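1. What follows is a protein structure lacking sequence information:
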């Protein structure tokens, strides 16, 4: 990490759900919580808890020097609503095989 920039990943203890247009895309009682300097708290959900059949692979890729290269999925015309880091940087290796959504609620 660069000076002043931190990322922590911890096991969540609350059930969370990702919903888009009234449809549940994911629900998990084992989310990882990622906190990063200057960014909102993000929940990363295990792929097994995500309705992958509702996601469409996107060609979008972005790179974060702290987390690695992200892959994206779209849902019902909403581009790049979901992302993951297939080969994350060592400091956040725990998020491998987890997906993140812009909007996640605790339930």
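-> Nice, I can see it. Worth saying up front: this structure is predicted, and the values here are computed from it rather than measured. Numbers count the residues shown, from 1 in each chain.
2. Show me the contact partners of stretch 70-79.
-> Residues from elsewhere that reach stretch 70-79 (CB atoms under 8 Å, 6 or more residues apart in numbering): 20-21, 23, 25, 54-58, 60-64, 80-86, 99. C-betas here are computed from N, CA, C, even on glycine.
3. Generate a PyMOL selection restricted to the buried entries among those.
-> The PyMOL selection below is limited to those of these classed as buried (16 or more other CB atoms under 10 Å):
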select buried, resi 20+25+55+80+81+82+83+84+85+99
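4. got the contact list for residue 87?
-> With CB under 8 Å, 6+ apart, residue 87 has these contacts: 68-69, 96.
5. ok, and the most crowded of those residues?
-> residue 68 (20 neighbours; other CB atoms under 10 Å).
6. Identify the bridge partners of that residue.
-> With DSSP bridges as the criterion, residue 68 is bridged to residue 64.
7. Please tell me how far it sits from residue 26.
-> In this view, residue 68 and residue 26 are 21 Å apart by CB to CB, to the nearest Å.
8. ok, which stretches of the chain are strands?
-> 7-11, 16-20, 23-28, 32-36, 42-46, 56-64, 68-75, 78-84, 98-101, 105-106 (DSSP state E).
9. residues of the first one that come out buried?
-> Residues of strand 7-11 classed as buried by neighbour count (16+ other CB under 10 Å): 7, 9.
10. for the lowest-mean-pLDDT helix or strand in the chain, packing partners?
-> One helix or strand of the chain scores below all others by mean pLDDT, DSSP states H and E: strand 105-106, with a mean of 84. When contacts are defined as 3 or more CB pairs under 8 Å, 6 or more residues apart in numbering; DSSP states H and E, strand 105-106 sits against strand 16-20.
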